[in-house]
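Engineer: The following comprises the amino acid sequence and a computationally predicted model.
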Amino acid sequence: MINFAHRLVSFAFCVALHVLPAAALEVETHTTPAGYQFDLMKVPKATQTVIRIVWKGGNGFLPDGKENVDELGPVMLVNGGSEGLSPDELQRQVNALGAGFQVYSKLDALHGMLIAPNDKLAETAALLNTVLAKPTMDGRWLRRFKRNFVENVSTNAKTPSGQAWLTIREVTVGDHPYRQIWNATPVENISSITIADIKDWHRRVVTSDGVRVFVAGKAEVTDIAAAVDIVLEGLPTGSGRQDFPQLEMSYPAKTILVHRPEAEKSYLLIGGPVPKIYAPNQEAREIGVGVLGVSDQSRLFTAVRKELRAAYGFKAWMDSFSRENAMIYMQGEVETAKLQDAYDTVRDTYEELRTDGIGLIEFPFAQRIFKNRAYGIAEKPRGAANLMVEAWLTGRPVEDGLRYPERAAGLSRGSVNQAIQDEFPPFSQMVKIVVSPDRDAVVADCIIADFSEADRCR
């Protein structure tokens, strides 16, 4: 049994005792001189302003085997230089402004983010525009990025944690194109990507239409509007973004052992489905996962690390594989000699939370930490902008995203425990991945030597 008294004493020490005010989080809507609409949340004390540019839609137009253009395309834009600017010179100018920007792809949108001091928006926007509108597309940089990508994928596959995640995606995602995006295997598909593929992707997805803009910070509205127009200047029309087929994940209720004789330690990864992110009770699920395994004061860390002493740490989290598919998972590196005990401890700890919920004394501490974290996210420009983006991408009013702290503050122990009981899957119905040098370390339903054999375990 878990030592609840010890946990609660430890938990109390990590609580931030201040309570952040429930500040009014209001959204303004403005239009730039060029006609782009943007949603703005003013952050009065911010020294920087964040502008998020979002092109909604996936990369479903990519041919089979070319899905990893999804990752290489943004890397080429941001790190490959632009017309008249080498990668090093571009970075030097961005750093001199005390600014930064990113371009990255997710399954349902391409994202651009600019963050700059309030009086440096225009200069930073001009640099981001060169990246978006006039990228160099140098084949030498693509070869370098592909080589690094392949090396990273190959190195990851040699680790116990890499084998665990590659296996769980092979099992749950199956032959959907997302499997190639996430696992990036076979790596020969990465090597086959050409400059022509990157240029075609760029032409289809980086456009002046099909775009939505979200801003958080203290800069003047006129300065923000000018910066938005600068970022999007010269981009073509005719967005070619296209969603991938809908993903339907499958979770076989099995224990799958990946036998890796060369591994120094074992690894446990256990996952199961939960309602999609931003479905009702999202905040209740988040606080439940927090109590289960987010921090070093959590139940799993206490049980597996502090009491069983079978691992340096053991965590739980919840994340989206797609907008319709979310997973709760528990993971950690484990001493092989204590692997079965760790497996049993994780099962018992998880099931105790799922059936009994968060304790009467435990809940106020957990909620305060969660609430303070939620306000901390919403009151910073980057966090506020992201909450608005995520609300829009999930079909909600942008104001709803900014009400995240209010929902966190309004949670009750009863509603949270009901959500945990109803929406966390039973341990018996989750897929359990065990990577170990000991073939007999746990009783397994399916034993394989490598993640590439995982289709036998579906």
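Structural biologist: Sure thing, it's come through.
Engineer: can you map out the strands along the stretch 351-458 of the chain?
Structural biologist: Applying DSSP state E, counting those that start in this stretch to the stretch 351-458 of the chain gives strands spanning 431-436, 446-448.
Engineer: Name the surrounding residues that touch the first one.
Structural biologist: Just to be clear, that refers to strand 431-436. By CB atoms under 8 Å, 6 or more residues apart in numbering, the surrounding residues in contact with strand 431-436 are 160-161, 163-164, 167-168, 171-172, 251-260, 263, 266-272, 336, 339, 343, 441-442, 444. Every residue, glycine included, has its C-beta placed from N, CA and C.
Engineer: one step back: looking at the strands of the stretch 351-458 of the chain, which one is packed in the most?
Structural biologist: strand 431-436 (a mean of 26; mean count of other CB atoms under 10 Å).
Engineer: Report the distance from that strand to the chain centre.
Structural biologist: Distance of strand 431-436 from its chain centroid, counting by CA atoms, centre = their mean, to the nearest Å, is 22 Å.
Engineer: And for stretch 127-144?
Structural biologist: Centroid displacement of stretch 127-144 relative to its chain, using CA atoms, centre = their mean, is 25 Å.
Engineer: What residues sit buried inside it?
Structural biologist: Across stretch 127-144, burial judged by 16 or more other CB atoms under 10 Å covers Leu127, Leu128, Asn129, Thr130, Val131, Leu132, Ala133, Pro135, Thr136, Met137, Trp141, Leu142.
Engineer: Of those, which is the nearest to Arg179?
Structural biologist: Leu142 (23.2 Å; CB to CB).
Engineer: where does that closest one land in three-state SS?
Structural biologist: Following DSSP: H, G, I helix; E, B strand; the rest coil, the label given to Leu142 is helix.
Engineer: Next, find the distance separating the nearest residue to it once chain neighbours are set aside from Ala284.
Structural biologist: Nearest residue to Leu142, sequence neighbours excluded (CB to CB, 6 or more residues apart in numbering): Ile195, at 5.7 Å. From Ile195 across to Ala284, the span is 48 Å (CB to CB, to the nearest Å).
Engineer: And for Val221?
Structural biologist: Distance, Val221 to Ala284, using CB to CB: 37 Å.
Engineer: Could you check which of these two has the larger neighbour count?
Structural biologist: It is Ala284, of Val221 and Ala284, that has more neighbours when counted by other CB atoms under 10 Å, with 22 against 14.
Engineer: Give me the pLDDT for the nearest residue to Thr136 once chain neighbours are set aside.
Structural biologist: In this structure, Thr136 finds its nearest non-sequential neighbour in Gly81, 4.3 Å apart by CB to CB, 6+ apart. At Gly81, the model reports a pLDDT of 92.
Engineer: can you count the residues close to Gly81?
Structural biologist: By other CB under 10 Å, 23 other residues sit near Gly81.
Engineer: so it touches Asp138, yeah?
Structural biologist: Yes - Gly81 lies in contact with Asp138 (CB atoms under 8 Å); the separation is 6.8 Å.
Engineer: just for this structure, where's the confidence low?
Structural biologist: Per-residue confidence for the chain (pLDDT under 70) gives these ranges: 1-24.
Engineer: Nearest residue to the middle of it?
Structural biologist: What sits nearest the mean C-alpha location of the chain, by CA atoms, centre = their mean, is Asp319, with 6.6 Å.
Engineer: quick one, phi psi at the residue nearest to it when sequence neighbours are not counted?
Structural biologist: Leaving aside its sequence neighbours, Asp319 sits nearest to Met327 (CB to CB, 6+ apart; 6.2 Å). In terms of degrees, to the nearest 10, the main-chain angles of Met327 are phi -130, psi 140.
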